[in-house]
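Asker: Mind folding the following:
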Amino acid sequence: MYQILPYIEEQALYDLTNDGQKTLITVQQKKAAVTLQATPVAAFNCPSRRPAKTLPFVAGATWNPINSGPITMVARGDYAANTGDTDTNTSTWQTKGQGTPDDPNDDEYLDKGDAKIGDWVFPDYSTGDPNHGSPWPDLKMQSGINILGVDIKLKYITDGTSKTYMVGEKSLNPDLYDTLEPIYNGGDNASYFSGFDWDVDRWADQPPLRDTPGLDSFTRFGSVHPGGWHAVFCDGSVRSVSYDVDKFVHKHLANRGDGQTIPDGSY
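Answerer: Below you'll find the model as predicted:
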């Protein structure tokens, strides 16, 4: 969301943290990052759900974005990037296909022991040693578009740009639109400028979900709309996708290169 600011008439906001010292992280940059994260951008909120505004952030005592000063207020968005169809509930990383780990003929999985999706969202690279801490996930371990440690290029979207999600509306708990409960609201508690995080990424291993009071499922796509949610595909088209989309079609659309055929009108 930060990278597209110059293309939506937000160049000044994009330049806010630039003090001319690209090879250093300065105090001035960190202060500017605090302001950046607290600045609402109307385009990043669905008008049917909530207006763009600054909301409290209460997890600063235990977590703070890298290269930022301490934050107490953030602007939270309603859209998330496609991170793929990787299973968010198991300790395996899916590399292709559309089934489950119980169906070895349908999928290829890499067993990473106790590693889970959370290890990608909260990595430990503090040692600077690739043999310790969290490893960078390999490209083949992540099937989506916005993934950790990889600069996705068009050549990697082998299923075709018109058949692959890029960005979509994210499912939220309406009880927490304008408040913050950090334990249950992990997918909507930080700024949309905080980098790879639950707040700006969604997976398609589970069906999309309409916003439901009291229900938190912050790895899913979804929206407040009764009929479905909207997705931007990698060709730039915007389409409405039903909540009842076939689970395998949903996974196929999130996987940039599983080679599966998706019938027109199937979503």
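Asker: low-scoring stretches of the stretch 151-267 of the chain, by residue?
Answerer: 180-185 (pLDDT under 70).
Asker: The stretch 1-150 of the chain now?
Answerer: Confidence mapping of the stretch 1-150 of the chain against pLDDT under 70 gives the ranges 59-62, 89-141.
Asker: those strands in it, which residues are they?
Answerer: Taking DSSP state E, counting those that start in this stretch as the test, the strands found in the stretch 1-150 of the chain are 54-56, 73-75, 79-82, 92-96, 108-111.
Asker: how close does the nearest residue to residue 226 once chain neighbours are set aside sit to residue 228?
Answerer: The shortest distance from residue 226 to any non-neighbouring residue, by C-beta to C-beta, 6 or more residues apart in numbering, is to residue 210 (7.0 Å). (Glycine included, C-beta is placed from N, CA and C.) Distance of residue 210 to residue 228, computed by C-beta to C-beta, to the nearest Å: 8 Å.
Asker: Mind checking which of the two has more residues around it?
Answerer: Of the pair residue 210 and residue 228, residue 228 is the one with more neighbours under other C-beta atoms under 10 Å, namely 19 against 16.
Asker: Go ahead and confirm the more buried one touches residue 240.
Answerer: Yes: counting by C-beta atoms under 8 Å, residue 228 does reach residue 240; the two are 4.8 Å apart.
Asker: Let me see the ranges of the helices in the stretch 51-200 of the chain.
Answerer: Using DSSP state H, counting those that start in this stretch, the helices of the stretch 51-200 of the chain run over 117-121.
Asker: Skip the chain neighbours and tell me the closest residue to residue 43.
Answerer: Spatial nearest neighbour of residue 43, excluding adjacent residues (C-beta to C-beta, 6+ apart): residue 8 at 5.3 Å.
Asker: Which residues lie in contact with residue 77 in this structure?
Answerer: Residue 77 sits next to 1, 41, 44-45, 192, 199-200 when contact means C-beta atoms under 8 Å, 6 or more residues apart in numbering.
Asker: Return the closest of these with respect to residue 73.
Answerer: Set against residue 73, the nearest of the contacts of residue 77 by C-beta to C-beta is residue 192 (13.4 Å).
Asker: and the gap between that closest one and residue 160?
Answerer: Taken as C-beta to C-beta, the span from residue 192 to residue 160 is 28 Å.
Asker: got it, and residue 202?
Answerer: Using C-beta to C-beta, residue 202 is found at 21 Å from residue 160.
Asker: ditto for residue 58
Answerer: 43 Å.
Asker: How about residue 168: what's its closest non-neighbour residue?
Answerer: Taking C-beta to C-beta, 6+ apart, and ignoring the residues beside it in sequence, residue 168 has residue 231 as its nearest neighbour in space, at 4.0 Å.
Asker: Please identify the buried residues of stretch 9-18?
Answerer: Of all the residues in stretch 9-18, those buried under the rule 16 or more other C-beta atoms under 10 Å are 10, 13-14, 16-17.
Asker: same thing with stretch 164-177?
Answerer: For stretch 164-177, the neighbour count (16+ other C-beta under 10 Å) marks 164-173, 175-177 as buried.
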